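S.K.: need the 3D shape of this:
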Amino acid sequence: MDKNKAKNQRQARRHGRVRAKISGSVEAPRLSVFRSNRGMFLQLIDDTEGKTLASASSKELKKALPKTEAGKELGKLIAEKAKAKKIAAAVFDRGAYKYHGRVKAVAEGAREGGLKF
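M.R.: Numbering: from 1, shown residues only. Now for the predicted structure:
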């Protein structure tokens, strides 16, 4: 089997285990994290209707920061956007990623911005 195919299958399995346990609603949407080598992308998703309520990406940040600090700033940014839409709570979806480094920084930044998990 191709190495990349096997890696993608493992990642999809991990993500499936996480998604089986959580779901977003209008009151508490799912804060989905996608992390790549170049940037991060966050979405607040209402799973009952399948709609994205708000999104933020590292491209929106005004200055270049180290990846972990950029994650924290991005968490604060999504929390501001959530407040503007009157969203006070969310469910954190780390995807297939471990809860450390950039992913943890996003959660901490969102909490500092006023979003509750």
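
S.K.: what's around K3, how many residues?
M.R.: If you count neighbours by other Cβ atoms under 10 Å, K3 ends up with 7. Placement of C-beta: from N, CA and C, glycine included.

S.K.: quick one: pLDDT of it?
M.R.: You'll see K3 listed with a pLDDT of 93.

S.K.: so, low pLDDT: which residues of this protein?
M.R.: Within the chain, the ranges that satisfy pLDDT under 70 run 1.

S.K.: can you give me the helices in it?
M.R.: Ranges of helices in the chain, per DSSP state H, are 3-21, 67-84, 102-112.

S.K.: in JSON lines, list these along with distance to A28.
M.R.: Shown next, in JSON lines, are the helices of the chain (distance: least, Cβ to Cβ, whole Å):
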{"stretch": "helix 3-21", "distance to A28": "14"}
{"stretch": "helix 67-84", "distance to A28": "10"}
{"stretch": "helix 102-112", "distance to A28": "13"}
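
S.K.: nearest to T48, of those?
M.R.: Ranking those by proximity to T48 (Cβ to Cβ) places helix 3-21 first, at 14.6 Å.

S.K.: now for that closest one, which elements pack on it?
M.R.: The criterion is 3 or more Cβ pairs under 8 Å, 6 or more residues apart in numbering; DSSP states H and E, and there are no helices or strands that helix 3-21 contacts.

S.K.: buried stuff in it?
M.R.: By neighbour count with 16 or more other Cβ atoms under 10 Å, helix 3-21 contains no buried residues.

S.K.: list the contacts of it.
M.R.: The contact list for helix 3-21 (Cβ atoms under 8 Å, 6 or more residues apart in numbering) reads D93, R94, G95, A96.

S.K.: would you mind measuring from the first one to S23?
M.R.: According to Cβ to Cβ, to the nearest Å, D93 and S23 sit 9 Å apart.

S.K.: and for those two, which residues touch both?
M.R.: Overlap of the contact sets of D93 and S23 (by Cβ under 8 Å, 6+ apart) consists of R30.

S.K.: for those two, indicate the residue with more neighbours.
M.R.: The residue with more neighbours, out of D93 and S23, is D93; 23 against 15, by other Cβ under 10 Å.
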